[in-house]
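**Q** output the structure for:
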Amino acid sequence: MKLSNRVLNRTLLARQHLLERSALTVAEMCDHLIGLQAQDVPPPFTGLWSRIADFDPETVSAGLDDRSLVRITLMRGTIHLVTPPDALRIAPHIQPELEKVPFRKGFNFGAMVGLDPDEVRAHGEAVLGDAPMSAADMRAEAARLYPDRDAGAVLQAWLYQLPVLQTPPRGKWKNNSRPIWSRVQPWLGAPLDADYPLAELLVRYLRAFGPASTADMQTWSKLTGIKPALDTLGDRLRAYTDDRGRTLYDLADAELADPDLPAPVRLLGWYDNAVLSHQDRARIVPQGQGTPLRAFATAVAPVLLDGYVAGLYKVFPKGPAARLRITPNREWSAAERRDVEAEAHALLAFTEGAREPSVEILEPGEDLRV
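**A** Numbering: from 1, shown residues only. Down below sits the predicted model:
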C-alpha cells in the first residue's frame, strides 16, 4: 500500500499530539515522544505547551527537582528531557557510540589522539565521583591531570565517555544557568538497564514518528542494527511504500490519520524532534528541505501552517516588551496570517507574560534579525 505525503504528514502530527492539545501529563508526554530535545532550556517548554492542554511549566521544574524528570545526553548525542526509566534504558544503547567520539581525529582537531581511552575514562569517573560537579570544576581537574592537553577537550571527552546528566537548576522554567553534571547512577539511585531491547525502542519510535524507513530510524537515533532489530518484530509490523517507492515500516495495530484532517497553526521550539527525526523530512518540511541548523543556533524555530513548516520565528524579549518576528517561506493568505498571529500572541502570553507583546509578520524570506 502506498502512502501519500499528506497521510504521512497528518499521521505524524496526530502521533506528535500536534493536531490537538492532549490531556497527557508531562511525564506521559515525555515517555510517548521518547523525550524532548533540550540542549537549550526554552525549546522543551515550547514543545510541551504546543502539545499539552493547560500546560504548567512549573511541573517541569518540580520534576527536575524531585528527579522524576532528567536532562541527559541521548539520541544524536544531544540533551533530551526524559523520565528516569528512559534515561536508564536508552543510555546503554547510546553510550557505546558516544564513547568513541573523543578519540577520533576530527574531535577538537585531534586533541585526544594518543591517549588511552580507558585511562581517560577512569580519571573522569574519579573526578566526578558520586556528587554533582560544575563544568568549570571538572575542567580545572582536567588541566591538572592533563597539563599538556586542552582541558576543555578532556572535559568534553569525559562528558561523552561517562553516562552523565545535567542536574537542576539548569533546565527549570526560565533558568538558563550553567550545567552541573552528575553521573546517572548516583543521581537516580539505580543502575543502567542494559537489557532493554532495541526493537522495543523502535516500536516506541514508530508510535511517535511512524510510519518510517530504516534510514529515518537511524537519523533519529544514530544507532546501528536497525533492520535486524525490526526483523525480530515479525507480524507486529506492517510495511508500506511512500511516493518515492521506499519501504516504510509501521506497527500493525497503529492507525493512519485521515489526510483531510485540519491542522492548526503550531509554533514549535527550535530543535523540535517532530522536524528532526526523519532522514526524509518531506512529510513536514516542504520539498524535504531541512530547517537550517545554523538558524536553530540563533534561537530561530519553525512555524507549522496546514501541518507543514511554512516559516520561521524568533522572540526578542527586551525590557518591558517582547517582540515575536516571523518570516514566511511563502505567501500567506489573510486568514493564514490571522491564525499565525493569534497563535504567536498565545505563545508570547505563555513565555513572556509580564512583557508587552507584539507580533510582526515579515515578507517571505525577509531577515528575522533586528
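**Q** contact partners for the nearest residue to residue 143 once chain neighbours are set aside?
**A** Spatial nearest neighbour of residue 143, excluding adjacent residues (CB to CB, 6 or more residues apart in numbering): residue 151 at 3.9 Å. Where you see a C-beta, it was placed from the backbone N, CA and C, and this is true even at glycine. Listed by CB atoms under 8 Å, 6 or more residues apart in numbering, the contact partners of residue 151 are 139-140, 142-143.
**Q** do that again at 7 Å, thanks
**A** 139, 142-143 (CB atoms under 7 Å, 6 or more residues apart in numbering).
**Q** gap between it and residue 64?
**A** Applying CB to CB, to the nearest Å, the value for residue 151 to residue 64 is 28 Å.
**Q** closest to residue 232 among the contacts of residue 151?
**A** residue 142 (41.7 Å; CB to CB).
**Q** can you classify that closest one as helix, strand or coil?
**A** Assigned with DSSP: H, G, I helix; E, B strand; the rest coil, residue 142 falls in the helix class.
**Q** that one against residue 157, yeah?
**A** No - look at residue 142 against residue 157 with CB atoms under 7 Å: they stay out of range, at 8.5 Å.
**Q** more neighbours, the two?
**A** The residue with more neighbours, out of residue 142 and residue 157, is residue 157; 28 against 25, by other CB atoms under 10 Å.
**Q** three-state assignment of that one?
**A** Under three-state DSSP, the three-state class of residue 157 is helix.
**Q** tell me how far it lies from residue 99.
**A** Separation of residue 157 from residue 99 (CB to CB): 9 Å.
**Q** what about the chain, any weak spots by pLDDT?
**A** 288-296, 370 (pLDDT under 70).
**Q** okay, buried residues for the lengthiest strand in it please.
**A** Determined from DSSP state E, the single longest strand within the chain is strand 308-318. For strand 308-318, the buried set under the neighbour-count rule, 16 or more other CB atoms under 10 Å, comprises 308-316.
**Q** same check on stretch 233-247?
**A** For stretch 233-247, the buried set under the neighbour-count rule, 16+ other CB under 10 Å, comprises 233, 237, 240, 242.
**Q** what of stretch 23-33?
**A** By neighbour count on 16+ other CB under 10 Å, the buried set for stretch 23-33 is 24, 26-27, 29-33.
**Q** possible to save these as CSV with distance to residue 263?
**A** Shown next, in CSV, are the buried residues of stretch 23-33 (distance: CB to CB, whole Å):
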residue, distance to residue 263
24, 19
26, 23
27, 26
29, 19
30, 23
31, 24
32, 19
33, 18
